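Enquirer: the sequence and its predicted three-dimensional model are supplied below.
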Amino acid sequence: MRIASIIAILALGSGCSSGQGPGPCTSTPEQCNARDDDCDGEIDEADSGGPLRRTCSNQCGPGEEECANGAWVFCDAPPMYTETCNGADDDCDGRVDEDCPCVHGQSEPCGEAIGVCPRGTRYCQSGAWGECQLPYDPDTLVEVCNDGLDNDCDRSTDEECTCSPGETQSCGSDVGECQVGLQTCDEDAQWIEACVGEIGPAPDICDGLDNDCDGEPDFVAGADFGWRSDDHEVNDSCDDGSPIYNSAGQLMIVEGVDTVSVEVDDEADLQTYPTLYPPGDEDWYSTRVDETTDCWNPFGTDCAFRLTVQLWLLDREYVEGAVQDPADWRLCMTLGGCMDGQTFCSHGADWFESESVYQLAVIWGSPCYSHDPRDLKIRVHSPTGAACGHYQVYAWFEYDDTLECPE
């Protein structure tokens, strides 16, 4: 009886330490209350020995929590976040990206269907619409001719088709010496570049024709420059020669006084100079030569007098592209009447390339104390019939006592 009492006292002492109050410890399932409910000397423990655990949840789903010091803590249910535009229900309210312009991953049609080109598609990325993506590359679109479709999607149909395959048209020019040809439309509805049968422009030559097909016959390089008939075109014979006057207004080249030349309206304007035009034209000029020197010598003559005449080809110096062939020009002068005068004409040896001139000089002796005027006819023409261009004629007369008297 004494032993049983001692055991009861010990058991009672143990029950009191469990926190259940006086009396023996009564074992119950362990709860999260900071007590030893199952009387095993441990508080809030699970059967496995760890802390008590139970299921828990929030808006985002279930989890587990554990007991510590009589309280349930550390619920590992999915965390709740502030809603962001990422295609997920961050705040676990059953809605996705509810405050965003669009839902991540969403797509919708965009743009406009033009011609054969369909609409594009745009996609939602992080809650924002991306650029419209087309199912074709606009830079590679090519219009297909004569199919009635807008293949390059520019709102125009067959706009790059210049013709119908097999169609023909004239090409080139029929101005001047040019003749038109024929172009054919190829299978791609484009005009073939070749102009079959065309005669195109050529450089102008002195032939009275419009070789370069610009509407102007015998027109050469230079602004508004061309070969034209001059103001002396009535001087095409010896009897109709244009008069050449000296500085005193006389029809005379006075010995040693000055140099005479064909009159021009404006010396700064090349087109006011005389021309050898049209092909086959020839120009005549008339004046007189008069000596004034009187002297006495044993021979009874005022020897010797020299008459010089120059033909200057201006185009060779002043017009780019208007190169004249000196062989196409000739300068002649006749002393005396048209029918019985003595004539001298230029040859190759009379050409001076550096000056672009032909030069003729004639020397004669004259009796002392006797003026010996002589008629002078100057002729400019082309022996080949191919010369065109502007020119000037100069003449002067002088006494030279260094020369021997002609016989």
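Expert: Structure's in. What do you need?
Enquirer: who touches Pro326 in this structure?
Expert: Shown in contact with Pro326 (CB atoms under 8 Å, 6 or more residues apart in numbering): Leu313, Gly348, Trp351, Glu353, Tyr358. Placement of C-beta: from N, CA and C, glycine included.
Enquirer: and for the fourth one, the neighbour number?
Expert: Neighbourhood size, Glu353 [other CB atoms under 10 Å]: 8.
Enquirer: ok, the last one next?
Expert: Tyr358: 25 surrounding residues under other CB under 10 Å.
Enquirer: just checking, it touches Asp350?
Expert: Yes: counting by CB atoms under 8 Å, Tyr358 does reach Asp350; the two are 5.1 Å apart.
Enquirer: who touches both of these two?
Expert: Leu331.
Enquirer: pop the domain breakdown of this protein in here.
Expert: Per the record, the chain has its domains at 150-171+181-196, 238-399, by automatic domain parsing.
Enquirer: can you pick out the most distant pair from the contacts of Pro326?
Expert: Leu313 and Gly348 (14.4 Å; CB to CB).
Enquirer: and the two? which has more neighbours close in?
Expert: Leu313 (25 against 8).
Enquirer: mind listing what the nearest residue to Asp290 once chain neighbours are set aside touches?
Expert: Nearest non-adjacent residue to Asp290, counting by CB to CB, 6 or more residues apart in numbering: Pro373, 4.4 Å away. The contact partners of Pro373, taken as CB under 8 Å, 6+ apart, are Met252, Arg288, Val289, Asp290, Glu291.
Enquirer: out of those residues, who's nearest Val309?
Expert: Closest to Val309, out of all of the contacts of Pro373 and judged by CB to CB, is Val289, at 10.3 Å.
Enquirer: okay but the closest one is in contact with Phe397, surely?
Expert: Yes: between Val289 and Phe397 there is a contact at 5.1 Å, judged by CB under 8 Å.
Enquirer: who touches both of the two?
Expert: Ile253, Glu255, Leu307.
Enquirer: phi, psi of Cys213?
Expert: Dihedral pair for Cys213: phi 60, psi 40, per degrees, to the nearest 10.
Enquirer: isn't it up against Val180?
Expert: No: applying CB under 8 Å, one finds Cys213 not in contact with Val180, separated by 10.9 Å.
Enquirer: looking at the two, which is more packed in?
Expert: The neighbour count for Cys213 versus Val180, taken as other CB under 10 Å, is higher for Cys213 (20 against 16).
Enquirer: could you measure Ala304 against Thr402, distance?
Expert: Applying CB to CB, to the nearest Å, one obtains 9 Å for the distance of Ala304 from Thr402.
Enquirer: ok, these two, which is more surrounded?
Expert: Ala304 (17 against 5).
Enquirer: ok, the closest residue to the more buried one other than its chain neighbours to Ala361 distance?
Expert: Distances taken as CB to CB, 6+ apart place Leu403 nearest to Ala304, at 4.0 Å, with adjacent residues excluded. Between Leu403 and Ala361 the computed distance is 11 Å (CB to CB).
Enquirer: quickly find the element holding Trp284.
Expert: strand 283-290 (DSSP states H and E).
Enquirer: and the next element down the chain from that strand?
Expert: Next in sequence after strand 283-290, counting helices and strands by DSSP H and E, comes strand 305-313.
Enquirer: extract the CA atoms of the following helix or strand past that following strand and return them as PDB.
Expert: With elements assigned by DSSP H and E, the helix or strand that comes after strand 305-313 is helix 315-318. Output in PDB follows, covering the C-alpha atoms of helix 315-318 (Å, rounded to 0.1, in the frame of the first residue of the first chain):
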ATOM      1  CA  ASP A 315      36.000  80.200-135.000                       C
ATOM      2  CA  ARG A 316      39.300  78.300-134.500                       C
ATOM      3  CA  GLU A 317      40.200  80.600-131.600                       C
ATOM      4  CA  TYR A 318      36.900  81.500-130.000                       C
END
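Enquirer: can you pull the contacts of the nearest residue to Cys163 once chain neighbours are set aside?
Expert: Once flanking residues are discounted, Cys163 sits nearest to Cys185: 3.5 Å by CB to CB, 6+ apart. Going by CB under 8 Å, 6+ apart, Cys185 touches Thr162, Cys163, Ser164, Pro165, Gly166, Glu167, Thr168, Gln169, Trp191, Ile192.
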